[in-house]
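Enquirer: from the sequence below, what's the structure:
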Amino acid sequence: MNTYKKNNKEYIYTVVLLLVVYIAVGIEVWLPTIKSLDYYWIIVLLISVGLYQFIIWFTLFIISNTPFLMHLYWGKLYVNGYWSYEYTRNGQKYFGIWRFKQDLTNTHVIGSGLNEDFSVRTIVRSVSPLIDEQGAFFVLNLRQELSSIEGFITPVYSKTTLILDEPRNWFSSVKTIRGTTEIYGGNSNAHLHPNVIFKKHLKAKSDEDVINDLKKAHTPTS
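Expert: Sure, this is the predicted structure:
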C-alpha cells in the first residue's frame, strides 16, 4: 500500500518536473527579449521553482478533492467511504460501522461497534496505515470498549486483517471486504472475531445513513 501511493506521487512529481523544464526551455524561444535582462537564468530559475511548487500543490489539491481522480489515484485499493460490518461469535451476531477515509498518503479508519438497539458499543480509530501483508492488508486500531452502564471506557488495541474482493475492472470499486479481528487487552483480550464481512454503502453520506440501512436489515418485520 505504501509503495503504491509512493509510486503514484513520484509519477506526478516527474510529470510536473518535465512540464516545468519544457516551459523553462521554451521561455527562450517564446520570449527571446528576456535574454537581454540581467540575471536572466536566475529569473528563469525562480520562475521555474515557483511554477513547479504551484502546479504540484494545485494538482494534488484537485486530486484529493475529486472522488473520481482519487479512485484513479488509488486504483483497486480505493475504499474511501462508509461501510458496515457483521460477524458471528459464539452464536451471537455483531455489527457496526467503519468509515475509511483516504487522502493522498494514507488510509484511516474511524468506526464503531453497535448494540442491538444501535447504540455505540465500541469505538475504533486506526493508529497505523493500511499495511500490505502478502496480498492481504492489516490495520492496527485503538479500540475503546464501553464495558459498564456507567460508560467506563477501556482502551485496548486490535488488529484487523482485510482481504479485498477483486473489482470487476479498473473503474469498479471494492464493495465487499472479508477479514478477521484480534483483540489485545481489556475484557476482550485474545478474542478473535472470525469471518468479518464488510459491505460498502455507496449512497451513505454519514454514520446515520448506515445505521438506517442496518435497522432495515436487522429489525424484524411484523
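Enquirer: what are the pairing partners of the helix or strand hosting residue 163, and which direction each?
Expert: If you go by DSSP states H and E, residue 163 is part of strand 153-164. Here strand 153-164 is paired, per DSSP bridges, with strand 136-146 (antiparallel), strand 176-184 (antiparallel).
Enquirer: so which of those strands comes closest to residue 73?
Expert: Smallest distance to residue 73 across the strands paired with strand 153-164 (C-beta to C-beta): 17.1 Å, for strand 136-146. From N, CA and C alone the C-beta is placed, and that goes for glycine too.
Enquirer: flag every buried residue along the strand holding residue 163.
Expert: 156, 157, 158, 160, 161, 162, 164 (16 or more other C-beta atoms under 10 Å).
Enquirer: how about the contacts made by the first one?
Expert: What it means is residue 156. Contacts for residue 156 (C-beta atoms under 8 Å, 6 or more residues apart in numbering) come out as 142, 143, 144, 145, 183, 184, 185, 186, 188, 189.
Enquirer: as CSV, the residues you listed with neighbour count would be great.
Expert: Shown next, in CSV, are the contacts of residue 156 (neighbours: other C-beta atoms under 10 Å):
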residue, neighbour count
142, 14
143, 24
144, 17
145, 20
183, 20
184, 14
185, 14
186, 17
188, 19
189, 10
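Enquirer: lowest-pLDDT helix or strand in the chain?
Expert: helix 2-30 (a mean of 77; mean pLDDT, DSSP states H and E).
Enquirer: in it, what counts as buried?
Expert: So for helix 2-30, counting by 16+ other C-beta under 10 Å, buried means 5, 8, 12, 16, 20, 23, 24, 27.
Enquirer: Throw the residues you listed into TSV and include distance to residue 117, thanks.
Expert: Shown next, in TSV, are the buried residues of helix 2-30 (distance: C-beta to C-beta, whole Å):
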residue	distance to residue 117
5	39
8	43
12	47
16	52
20	58
23	62
24	64
27	68
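Enquirer: can you tell me the element residue 213 falls in?
Expert: helix 207-218.
Enquirer: equivalent analysis for residue 73, please.
Expert: Per DSSP H and E, residue 73 falls inside helix 67-74.
Enquirer: same check, this time on residue 111
Expert: Judged by DSSP H and E, residue 111 forms part of strand 107-114.
Enquirer: same check on residue 98?
Expert: Residue 98 is located in strand 92-102, with elements delineated by DSSP H and E.
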